[in-house]
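Engineer: Any chance you could fold what I've pasted below:
(chains A and B)
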Amino acid sequence: MRATGVGASIQRGGGYGRVTGQQQYVADIRLQDALQVKLVTLDCARARIIAIDTDAARQVPGVRLVVSAADLPQPVARFGPQFEDRPILAVGETKYHGEPVAAVAAETKDAAEEAARLVRIEYEELPAVFSLEAALDPAAPLVQDPALRPGDPLAGTNVLREHRVGWEEIEAARADLVVEHTYEFPMVTHFAIEPHAFMAAPDGDGIAVWSSIQHPNWLQKVLAKILGLPLSKIRVHAPDPGGGFGGKQHAKLEPLVALMALRAGQPVRLVLTLEETFQAVRRTAARVRVRTGFHRDGTFAFQDVAADYLLGAYADIADRVVSKGSYPACGPYRVPAARILARSVLSHTTPSTAFRGFGNPQVNWAVESNIDEGARALGIDPLELRLQNLARRGEAFIPFDTPADGQWEQTARRAARLIGWGTPLPPGRGRGIALGIKSGPTTGLSYSTVRLLADGSVIVYAGTSDMGQGARTIFAQIAAEELGAPLDWITVVMGDTAVVPYDQQTSASRSTVLMGNAVLRACREIQSQLRAMAARLHGMDASLIAVDRGVVRLPDRELSTLDVLKPGLGRLGGELIGNGEMRKDEEPGHPLGGSAAFFEFNCTAVEVEVDEGTGDVLLVRHVTVSDVGKAINPLQVRAQDEGAAIQGLGHTLMEHYIFDEAGRIRNLGAIDYRIPTSMDLPLELVSDAVENADGPGPYGAKGMSEGALLCVAPAVAAAVRDATGLVIRDLPLSPERVWRALRERDAAAAAVTGAVQPASVPVAAATGGAPSGR
Amino acid sequence: MNEIETIAIELTVNGRRRALKVAPHHTLLDVLRDDLELTGTKECCLVGECGACTVIVDGRTVDSCLMLAVEADGAAVTTVEGLAIDGRLSPLQAAFLDKGAAQCGFCIPGQLMSAHALLALNPHPTLAEVQEGLAGNLCRCAGYQQISEAVLATAEGADR
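Structural biologist: As a prediction, this is how the structure comes out:
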């Protein structure tokens, strides 16, 4: 292990606080005299608000403030990262179950809760749409007021946007086999163990806001606009989120708590319950129709993909989820002709937002599963068919985007070897394999400042949010590598917009590459100052001097950084300050506004055993291999890949929202909505990384963290089919759904001989009794 | 609402005697976090499913969101803040760092308390016993393998 740290599994920065309880998440921070806020909601999805009576609530001792839309500055501000459609509190009408109508601030949590119960709201429940069918019905009630969408030809429908990408004419493409199926991906939720938490406090002539947010600088802009304050008067404190996964990217209730704090003239604090968090964020559900044309030899002729994504009542970032998630729908393959149509469909449900994978897992589930169908029909091994079509390094597999940026076949072959692809299986077992790709950030801007202090210690300023992915550790490792300081002499400062320079956002697995490069450049600027300093001290030209990992090389000798720094800074002391900027500009005309900074590429291969009595799918072995370019911290890379794999098993095997007829989530909270526990792991979970140092990040790193989630569902479903013959095109593959499909398979086999092939039995329709959340 | 009637309780938290008056409906979690300002114990589901609020009460793990504070009257309570002695990490805490078991870290106090109690009852657990012992502690970063490795390494280290 090198002392400097890059490539070493050094301990997590911030780890000590995490194992001692000292780490302060938003809800752990105590502000003196903070009022406790409780939200008031209705017991249905869509309703017309007739009257709000707050008298009884105001009588509760300790209550300081009760606000509804009428008490806010008029017109009530709306905000959102793509469309400014979300009001601070519901105006006139609620659009989804759980939308806040009013809020109470009181001296104690008890008083706030009691008062919130006493806010009387007269309302009339209105017809609403909770599914794609209902939302797309020409007679459907509109989710958004068309007045919010002036000049938009789709404003009279619930389709927010349509996104089209393609190349060459698929109609002209000749195919020997066309396989067409439709796949469903349900609503699931992030379930970060830290529920969202917000605080705000008047701060001189401005305001300070605390949020467990991934994008503090974006939040700062939103607040500045709503409050009419300059950016410099909005201080966003963003302590490390206790899990983000995309759910904490954009502003949610910060504008409300900011206005309440200004109104009350004192700090306010709002910590959501887990149930409220379920009603605040979820993944965008999807129905994806895939029509794939194959040549007899297994090469692709075309892909024709139509994906309808079900958004919630406000767009948040979900329309971008749709465009960016559907864009690489053809996968990492050479596809001669392609047509991709994706639609963002609004509904009266929890606003969907970014969630690890950003729209790609939905489409990848469908397209990879359809490829498997084709391979079976052609009698070609599914791995071989994929390898045959896989883009080679440098190939422009998406004609107008970044060429394939990895030796992807290496990743696929390694996963295949680790699962024992092609070796005999015991009876009752099955194997499946899938590939996945995700476009990295298309634009980006990160600044970093690095200070080399007089004693050789280092402070790195980086506006990334460390929500568990370990960005703090990576930046420290980069600074250690570049400046030669020991890791325990490096401090990384994050999460305070008054102190830390601008960072666009923490998303799309960008931070190692974008902020990492900014940190690297800041360190290199310090190296150049050290060279100039050494040149001055030793009376020679700076071009003769090299600085490398804390060593200053003169033509005739080597000096330590401190040997130069101490005399160079002189008696008054001081420090060297370096600034780094990493920018990825927009590309006008590109369908996504910019090409991929890198691709996340993953291959997942699994072996399963299906309990024919219960429908339970047991993961005997799960292999996930990602192309990461360079693992700056292999331990953290492993943790991210395994974590993504297990999160993927959640939506593959157990997770989905269930709605009732009033649009209420019936399985709200931890009892009825299950996520994987330590008892739900594969018997063997193996993660591996391919490292060819061919990424755009420091030392050849690529972004990673999402790849290992992309392929879980198609790999597991293929393995279930291999084991049982069942074809299920609807997630999750819950014991109930698998059990029902097994019974149908057996009934069909008993009733019919030859007339109906097992594969054409509509098992995917066997979705169980409860209405699913599509 | 009238003044809430409070009830006097005494308990030992991380070895320190604490006498305080608590509302009868407040949970042990409320009192630890809000009255004693021991915020290492985390709040998430409030229905005893996620394990983020796990503490040890008289040697047994408890979801502190499900226990009323008055029920803890007279009890000895250990929270995550009680694991390190004089700033020195316990072997379990050190193993969590070594194995990379803490990612976002929010579930980690609960994981540590469950693991601590497990090792006290069963100093040499198998992997299956560790997974079962920690099944009530959800980790959405899903560092379950690293957490299990840390617990097993601690058990092994205790032999040396």
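
Engineer: As a check, name the ranges of all strands in chain B.
Structural biologist: B:7-13, B:16-22, B:54-57, B:60-63, B:76-78 (DSSP state E).

Engineer: Sheet-wise, list the partners of the last one with their directions.
Structural biologist: This points to strand B:76-78. Paired with strand B:76-78 in the same sheet, following DSSP bridges, are strand B:7-13 (parallel), strand B:54-57 (antiparallel).

Engineer: okay if I get the strands of chain B as a markdown table plus distance to residue A:699 and mean neighbour count?
Structural biologist: C-beta here means a position set from N, CA and C on the backbone, and glycine is covered the same way. Written out in a markdown table, the entries for the strands of chain B read as follows (distance: least, Cβ to Cβ, whole Å; neighbours: other Cβ atoms under 10 Å in any protein chain shown):
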| stretch | distance to residue A:699 | mean neighbour count |
| --- | --- | --- |
| strand B:7-13 | 47 | 16 |
| strand B:16-22 | 48 | 13 |
| strand B:54-57 | 40 | 25 |
| strand B:60-63 | 43 | 20 |
| strand B:76-78 | 43 | 20 |
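
Engineer: Would you reformat those strands as CSV and include mean pLDDT?
Structural biologist: Putting the strands of chain B into CSV (pLDDT from 0 to 100) gives the following:
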stretch, mean pLDDT
strand B:7-13, 98
strand B:16-22, 98
strand B:54-57, 98
strand B:60-63, 98
strand B:76-78, 98
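
Engineer: secondary structure element for the spatially most central residue of chain A?
Structural biologist: For chain A, the residue nearest the mean C-alpha position is residue A:356 (2.9 Å; Cα atoms, centre = their mean). Taking DSSP states H and E as the criterion, no element holds residue A:356; it sits outside all helices and strands.

Engineer: dump the residue contacts of it.
Structural biologist: With contacts defined as Cβ atoms under 8 Å, 6 or more residues apart in numbering or on different chains, the neighbours of residue A:356 are A:245, A:246, A:644, A:647, A:705, A:706, A:709.

Engineer: okay, the strands paired with strand B:76-78 in JSON lines with distance to residue A:496 next?
Structural biologist: As requested, these are exported to JSON lines (distance: least, Cβ to Cβ, whole Å):
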{"stretch": "strand B:7-13", "distance to residue A:496": "32"}
{"stretch": "strand B:54-57", "distance to residue A:496": "31"}
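
Engineer: Over in the stretch 351-500 of chain A, which residue gets nearest chain B? Let me know.
Structural biologist: In the stretch 351-500 of chain A, the residue that lies nearest chain B is residue A:468 (3.1 Å; Cβ to the nearest Cβ).

Engineer: Verify the stated contact: that residue with residue B:104.
Structural biologist: Yes - using Cβ atoms under 8 Å, residue A:468 is in contact with residue B:104, at 3.1 Å.

Engineer: what's the pLDDT at the residue in chain B positioned nearest to chain A?
Structural biologist: For chain B, the nearest residue to chain A under the criterion Cβ to the nearest Cβ is residue B:40, separated by 2.0 Å. Here the pLDDT value assigned to residue B:40 is 98.

Engineer: ditto for the one 3 residues further on
Structural biologist: The model reports residue B:43 with a pLDDT of 98.

Engineer: got a list of what it touches?
Structural biologist: Taking Cβ under 8 Å, 6+ apart as the contact definition, residue B:43 lies against A:27, A:195, A:271, B:29, B:33, B:52, B:53, B:65.

Engineer: hmm, try it at 10 Å
Structural biologist: For residue B:43, the residues meeting the contact criterion (Cβ atoms under 10 Å, 6 or more residues apart in numbering or on different chains) are A:25, A:27-28, A:193-195, A:197, A:271, A:273-274, B:27, B:29-30, B:32-34, B:50, B:52-53, B:64-65, B:106.

Engineer: Can you give me the neighbour number for residue 98?
Structural biologist: I went with chain A, as the question did not name one. Residues lying near residue A:98 (other Cβ atoms under 10 Å in any protein chain shown) number 23.

Engineer: oops, chain B please
Structural biologist: Residue B:98 is surrounded by 18 other residues when neighbours are defined as other Cβ under 10 Å.

Engineer: Report the separation between the residue sitting nearest the centre point of chain B and residue B:13.
Structural biologist: Within chain B, the residue whose C-alpha comes closest to the C-alpha centroid is residue B:55; the distance, by Cα atoms, centre = their mean, is 3.0 Å. The gap separating residue B:55 from residue B:13 is 9 Å, by Cβ to Cβ, to the nearest Å.

Engineer: Can you check which residues contact both of the two?
Structural biologist: The contact lists of residue B:55 and residue B:13 share B:28, B:32, B:38, B:72, B:77, B:78, B:79, B:82, where a contact means Cβ under 10 Å, 6+ apart.

Engineer: Mark which of those are buried, thanks.
Structural biologist: Burial by neighbour count, 16 or more other Cβ atoms under 10 Å in any protein chain shown: within those this picks out B:28, B:32, B:38, B:72, B:77, B:78, B:79, B:82.

Engineer: could you dump those residues to TSV with distance to residue A:629?
Structural biologist: Putting those into TSV (distance: Cβ to Cβ, whole Å) gives the following:
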residue	distance to residue A:629
B:28	48
B:32	44
B:38	42
B:72	51
B:77	47
B:78	44
B:79	41
B:82	43
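
Engineer: could you pull out the helices for chain B?
Structural biologist: Using DSSP state H, the helices found in chain B span residues B:28-30, B:91-98, B:108-121, B:127-133, B:144-157.

Engineer: thinking residue A:676 is in contact with residue A:622, fair?
Structural biologist: No - in this structure residue A:676 lies outside contact range of residue A:622 using Cβ atoms under 10 Å: 11.5 Å.

Engineer: Of the two, which one has the most company?
Structural biologist: Using other Cβ under 10 Å as the criterion, residue A:676 and residue A:622 rank with residue A:622 on top: 28 against 23.

Engineer: Can you report phi and psi for residue B:73?
Structural biologist: Note on residue B:73: backbone dihedrals following degrees, to the nearest 10 are phi -60, psi 130.

Engineer: tally of neighbours for the nearest residue to residue A:72 once chain neighbours are set aside?
Structural biologist: With Cβ to Cβ, 6 or more residues apart in numbering or on different chains as the criterion, residue A:72 has its nearest non-adjacent residue at 5.8 Å, and that residue is residue A:88. Residue neighbour count, defined by other Cβ under 10 Å, stands at 24 for residue A:88.

Engineer: gap between the two ends of stretch A:449-462?
Structural biologist: Chord length of stretch A:449-462, first to last residue, is 7 Å (Cα to Cα, to the nearest Å).

Engineer: ok, and for that stretch, which residues are buried?
Structural biologist: Burial within stretch A:449-462, assessed by neighbour count using 16+ other Cβ under 10 Å, is assigned to A:449-454, A:456-462.

Engineer: re the thing from before, of the contacts of residue A:356, select the buried ones using a ChimeraX command.
Structural biologist: To isolate the buried members of the contacts of residue A:356 in ChimeraX, using 16+ other Cβ under 10 Å:
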select /A:245,246,644,647,705,706,709
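
Engineer: Among the contacts of residue A:356, give me the pair with the biggest separation.
Structural biologist: Across the contacts of residue A:356, the two members that end up farthest from each other (Cβ to Cβ) are A:246 and A:644, 12.0 Å apart.

Engineer: low pLDDT regions in chain A?
Structural biologist: A:1-4, A:753-774 (pLDDT under 70).

Engineer: Show me the chain divided up by domain.
Structural biologist: Using chain A here. According to automatic domain parsing, chain A comprises the domains A:31-126+A:194-242+A:247-278, A:282-441+A:592-765, A:444-584.

Engineer: try again with chain B
Structural biologist: According to automatic domain parsing, the ranges for chain B are B:7-82, B:91-157.

Engineer: Of the ones you listed, which stretch is the most buried?
Structural biologist: When neighbours are counted by mean count of other Cβ atoms under 10 Å in any protein chain shown, the highest per-stretch mean among the domains of chain B falls to domain B:91-157, a mean of 23.

Engineer: Single out the residue in the stretch 201-350 of chain A that lies closest to chain B.
Structural biologist: Taking Cβ to the nearest Cβ, the stretch 201-350 of chain A has residue A:242 as its residue nearest chain B, at 3.0 Å.
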